[in-house]
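Trainee: Fold the following and give me the result.
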Amino acid sequence: MRVRTSVVLAAYNEETVIARTLETILASDYPVREIVVVDDGSTDGTAAAVRRVQSAGSPVPIVLVRQANAGKAMALNHGLSRASGDVVVTLDADTIVAPDTITNLIRHFAIDASGRLGAVAGVVRVGNRSRNLLTRWQSLEYLTQIGLDRSAQDALGAISIIPGACAAWRKTAILEAGGYSEATLAEDCDLALTLHQLGWRVTQDDEAVALTEAPENVDDLLKQRVRWTYGTLQAMYKNRRILFRARYGALGWWVL
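Mentor: Numbers count the residues shown, from 1 in each chain. Predicted coordinates:
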């Protein structure tokens with residue numbers, strides 16, 4: 001069964017990489033309905049780069065939405081409001097996907113007889129791993145976190161984070177959750193935990209691979225990890241009713 005699917009990108013100052021990202025989406029073997037790019041107040045040529053891809057004769061409609069800088073959560077919500085698909089694939093603007101990545105994400109919704117599958121996490125790997133020692137270590141870390149930790153969480157039905165860099169979401173599930181929240185710095189973790197509370201099921205596809213750009217120096221890495229750690233703690237506190245509740249099983253007793 002073919003699932004109506006839209007792709008949503010939130011972009012801020014991604015002039016140098018967003019065309020490459022769009023080209024890999026357009027090369028996907030899954031027929032997406034549209035690609036919605038939300039330019040979140042970029043001060044560089046992000047919008048111009050998107051328009052160049054548009055003018056090249058894209059086989060898939062590319063919708064460019066521009067807004068004053070309001071943050072990633074608001075940009076994703078804006079993109080969600082413009083997306084016409086029943087399932088929304090979110091990717092970071094510096095992430096590239098294989099031709100079968102979207103297909104591998106969507107196939108879970110196609111066979112979901114219950115209609116309660118809320119989200120599917122993809123596998124994010126480091127695309128610039130050969131740049132230096134720091135990116136090589138991060139590549140190993142990504143393999144450990146996703147290949148071991150999240151796969152174990154998936155086996156327990158207790159995935160705590162659906163990475164916004166590569167994921168597919170049922171649009172009705174996001175709307176029931178109230179959209180992406182601005183209350184935390186980890187909107188993807190917050191939304192995943194909210195879906196659990198609302199009774200939606202989440203899973204991971206180990207063959208839906210995306211390559212992202214990892215920080216190449218210590219300062220950028222520290223900024224990223226402080227944001228991730230603080231945002232995850234915010235999301236855990238906001239969803240603390242999950243902790244030690246039998247109805248949430250391993251998620252509340254072990255993962256969090």
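Trainee: list the contacts for I242?
Mentor: By Cβ atoms under 8 Å, 6 or more residues apart in numbering, the contact list for I242 reads 193, 196-197, 248, 251-252, 256. Using the backbone N, CA and C atoms, a C-beta is placed for each residue, glycine as well.
Trainee: Likewise for V124?
Mentor: 95, 142, 146, 163, 165-166, 210-212.
Trainee: Neighbour-wise, which one of these leads?
Mentor: C166 (27 neighbours; other Cβ atoms under 10 Å).
Trainee: mind listing which of the contacts of V124 are in helices?
Mentor: With helices taken from DSSP state H, the overlap with these comprises Y142.
Trainee: between the contacts of V124, which is nearest R2?
Mentor: C166 (20.8 Å; Cβ to Cβ).
Trainee: Which residue ranges of this protein form helices?
Mentor: Under DSSP H, the chain gives helices at 18-26, 46-55, 72-82, 101-110, 133-144, 151-155, 171-176, 187-197, 218-238, 250.
Trainee: Show me the shaky parts of the stretch 1-150 of the chain.
Mentor: Of all residues in the stretch 1-150 of the chain, none has pLDDT under 70.
Trainee: L9 bridge partners, please.
Mentor: Taking DSSP bridges as the rule, L9 bridges to V37, L91.
Trainee: what about it, distance to V63?
Mentor: Distance of L9 to V63, given as Cβ to Cβ, to the nearest Å: 10 Å.
Trainee: Then A183?
Mentor: For A183 relative to V63 (Cβ to Cβ), the value is 27 Å.
Trainee: which one of these two has more residues nearby?
Mentor: V63 (17 against 12).
Trainee: got the contact list for the more buried one?
Mentor: V63 touches 34-37, 82, counting by Cβ under 8 Å, 6+ apart.
Trainee: what about stretch 33-51, start to end distance?
Mentor: Distance between the boundary residues of stretch 33-51 (Cα to Cα, to the nearest Å) amounts to 18 Å.
Trainee: likewise stretch 127-147?
Mentor: End to end - Cα to Cα - stretch 127-147 spans 16 Å.
Trainee: With stretch 19-39 instead?
Mentor: End-to-end for stretch 19-39, by Cα to Cα: 13 Å.
Trainee: What are the buried residues along that stretch?
Mentor: Judged by neighbour count (16 or more other Cβ atoms under 10 Å), stretch 19-39 contains these buried residues: 19, 21-22, 24-26, 28, 30, 32-39.
Trainee: Please apply the same query to stretch 46-54.
Mentor: In stretch 46-54, counting by 16+ other Cβ under 10 Å, buried: 46-47, 49-50, 53-54.
Trainee: From the rest of the structure, what touches that stretch?
Mentor: With Cβ under 8 Å, 6+ apart, stretch 46-54 has contacts from 11-15, 18-19, 22-23, 26, 37, 39, 62, 64, 66, 93.
Trainee: Now Y12, what are its backbone angles?
Mentor: phi -140, psi 110 (degrees, to the nearest 10).
Trainee: Let me see the contact set for it.
Mentor: 39-42, 46, 69, 72, 75, 93.
Trainee: State which strand of this protein is the longest.
Mentor: Looking across the chain with DSSP state E, the single longest strand is strand 201-212.
Trainee: So which elements touch that strand?
Mentor: strand 96-97, helix 101-110, strand 117-126, helix 151-155, strand 166-170, helix 187-197 (3 or more Cβ pairs under 8 Å, 6 or more residues apart in numbering; DSSP states H and E).
Trainee: which helices and strands does the fifth one pack with?
Mentor: Based on contacts counted as 3+ Cβ pairs under 8 Å, 6+ apart, the elements that strand 166-170 packs against are strand 87-92, helix 101-110, strand 117-126, strand 201-212.
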